[in-house]
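> Starting from these lines, generate the structure:
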Amino acid sequence: MRHNKLVTFGLVLTLSGFGCSVVMEATRPDPVDTSQIAVGESRMQVIGIVGAPAAQGVKDGNTSCDIYKLYTRGPNDIGKGAIATGEAVADFFTLGLTEIVFTPVEGATRNAKHTVTFCYDQNEKLVTMNDGGVSGQ
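Numbering: from 1, shown residues only. Sure thing, here's the model as predicted:
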């Protein structure tokens with residue numbers, strides 16, 4: 001009888017707000033895989049993959065560039081699921097006490113957007129991509 005009360009108490013604590021890190025992990029934004037974009041692709045193909053640019057500009061007379069703020073690093077869906085499951089299990093068995101550690105860690109390791117630039121020739125074909133300091137030509 002006492003064991004059932006303890007399990008019920010742990011479940012109530014876990015489900016009533018002690019699962020913040022689990023929710024934070026599950027709602028972490030998915031990274032954009034820029035490796036699937038190759039030089040020579042059309043501007044419309046790139047926009048189809050990464051969406052509309054945050055800004056557009058002209059690099060020189062023959063080259064125009066689209067500037068994005070993207071998440072390109074972070075765990076995929078399987079990784080996020082594994083992390084969230086581990087956190088939920090730990091929350092349950094520690095009656096939510098692991099949230100003292102997991103929630104700040106989750107906040108500190110959130111994916112960060114960074115600048116990604118795609119530049120096109122006069123025919124709107126991709127000639128360069130700069131992903132946060134890692135250039136592709």
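
> show me where the chain has strands.
Per DSSP state E, the chain carries strands over the ranges 55-60, 63-70, 114-120, 126-131, 134-136.

> Mind listing what's buried along the helix ranked longest in the chain?
Taking residue count as the measure and DSSP state H as the definition, the longest helix of the chain comes out as helix 77-93. Within helix 77-93, the residues that qualify as buried by neighbour count (16 or more other Cβ atoms under 10 Å) are 80, 83-84, 87-88, 90-92. In short, each C-beta sits where N, CA and C put it, glycine included.

> possible to save those as CSV with distance to residue 55 and pLDDT?
Written out in CSV, the entries for the buried residues of helix 77-93 read as follows (distance: Cβ to Cβ, whole Å; pLDDT from 0 to 100):
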residue, distance to residue 55, pLDDT
80, 29, 75
83, 33, 76
84, 34, 77
87, 37, 78
88, 40, 79
90, 42, 77
91, 42, 77
92, 46, 81
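
> Nearest to residue 121 among the residues you listed?
residue 80 (37.7 Å; Cβ to Cβ).

> doesn't residue 28 make contact with that closest one?
Yes. Counting by Cβ atoms under 8 Å, residue 80 sits close enough to residue 28 to count as a contact (5.7 Å).

> leaving aside the residues next to it on the chain, what's closest to residue 41?
If you skip the residues right next to it in sequence, residue 41 has residue 126 as its closest partner in space, 4.9 Å away by Cβ to Cβ, 6 or more residues apart in numbering.

> What number of residues are in the vicinity of the one you found?
A count of neighbours around residue 126, defined by other Cβ atoms under 10 Å, yields 21.

> got the strands of the chain as TSV, with distance to residue 48 and mean pLDDT columns?
As requested, these are exported to TSV (distance: least, Cβ to Cβ, whole Å; pLDDT from 0 to 100):
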stretch	distance to residue 48	mean pLDDT
strand 55-60	16	82
strand 63-70	13	91
strand 114-120	12	92
strand 126-131	12	90
strand 134-136	18	44
